[in-house]
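S.K.: sequence plus predicted model, see below.
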Amino acid sequence: MQTTRARTRPTQRERSDGTIEALLSAGRELFAAHGYNATSLDAVCGLAHVTKGALYHHFAGKQDLFRAVYEIEQSRLARVVARAYLDAEPDSWEAVYVGARAFLAEVLASDVQRISLLDAPSALGMDAMREISTDCLLMMQEGIRRAVATGDIVSRSVPALSHLLYGALCESAMAAARADDQKAALDEALVELRALFDALAAVAVRV
């Protein structure tokens, strides 16, 4: 009977993981709702129901917690883009467009944009953001490589084109996030994105 009770108690690792999960969840909620600068560690600890000492046991401070939240956001964003790509015509140029469109739509959701677009540049710096958010760029490279292989677009420098397109997506997202009418800015960006992808596809058709 004692053995059974012992096995049902959380282990130290499970308690530690639970504390981290609670802090990340609370941090994300508060960062998304109030922004990085307006979020205090006291508020995070209060929402997570942990002590500040527990927070400092796992994170060096607010920036470190924000970085962990940002990393999770970028991983989730990459999964959204990958799912959109896979749901489209496999290995096609159109699938790359669908993934790019999904990227813009997701990153401009109000909770995501506060963390990923509005606060991350000042809280983390562009170098750290580039270091963390590589998954979407790598997927863009692979999508372009496959589209070239299928003949949907002509052979070209995959790294150069992927950086060009991904950079345009990120800049368009930043501009839309700061626009007075975000929906109109997103709609305009999508029109130009469609035209750009169609133009690159048309080159392959003419050739």
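M.R.: Okay, I see it.
S.K.: show the residue spans covered by the helices in the chain.
M.R.: 2-8, 12-34, 41-48, 52-58, 62-87, 93-107, 110-113, 120-124, 126-132, 135-150, 158-177, 182-206 (DSSP state H).
S.K.: deepest of the ones you listed, which one?
M.R.: Burial of these is given as mean neighbour count (mean count of other CB atoms under 10 Å); helix 93-107 ranks first at a mean of 21. Any C-beta I mention is one placed from the backbone N, CA and C, and that applies to glycine too.
S.K.: what's it in contact with?
M.R.: If you take CB atoms under 8 Å, 6 or more residues apart in numbering as the criterion, helix 93-107 is touched by 77, 80-89, 112-113, 116-117, 136, 139-140, 143-144, 147, 150, 152-153, 165, 169, 172-173, 176, 186, 189-190, 193-194, 197, 200-201, 204.
S.K.: what angle separates it from helix 158-177?
M.R.: 40 degrees (axes from the mean of the first three to the mean of the last three CA atoms, to 10 degrees).
S.K.: would you map out the domains in this structure?
M.R.: As assigned by automatic domain parsing, the chain contains the domains 9-59, 67-206.
S.K.: can I get these in CSV including mean pLDDT?
M.R.: Output for these, formatted as CSV (pLDDT from 0 to 100):
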stretch, mean pLDDT
domain 9-59, 93
domain 67-206, 93
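S.K.: now residue 67: closest residue in space that isn't a chain neighbour?
M.R.: Taking CB to CB, 6 or more residues apart in numbering, and ignoring the residues beside it in sequence, residue 67 has residue 124 as its nearest neighbour in space, at 6.0 Å.
S.K.: can you tell me how far the one you found is from residue 182?
M.R.: When distance is defined by CB to CB, to the nearest Å, residue 124 is 23 Å away from residue 182.
S.K.: next one: residue 93
M.R.: When CB to CB is the yardstick, residue 93 and residue 182 sit 27 Å from each other.
S.K.: just residue 112 next, same as before
M.R.: Residue 112 is 12 Å from residue 182, by CB to CB.
S.K.: check contacts around the residue nearest to residue 67.
M.R.: Residues in contact with residue 124, defined by CB under 8 Å, 6+ apart, are 63, 66, 67, 70, 132.
S.K.: same check, this time on residue 44
M.R.: By CB under 8 Å, 6+ apart, the residues touching residue 44 are 23, 26, 27, 30, 55, 62, 65.
S.K.: ends of stretch 96-116, what's the gap?
M.R.: End-to-end distance for stretch 96-116, by CA to CA, to the nearest Å: 22 Å.
S.K.: now the residue most central in space within the chain: closest residue in space that isn't a chain neighbour?
M.R.: Within the chain, one residue has its C-alpha closest to the average C-alpha position: by CA atoms, centre = their mean, that is residue 74, at 2.8 Å. Ranked by CB to CB, 6+ apart and with sequence neighbours excluded, the top spatial neighbour of residue 74 is residue 133, at 4.6 Å.
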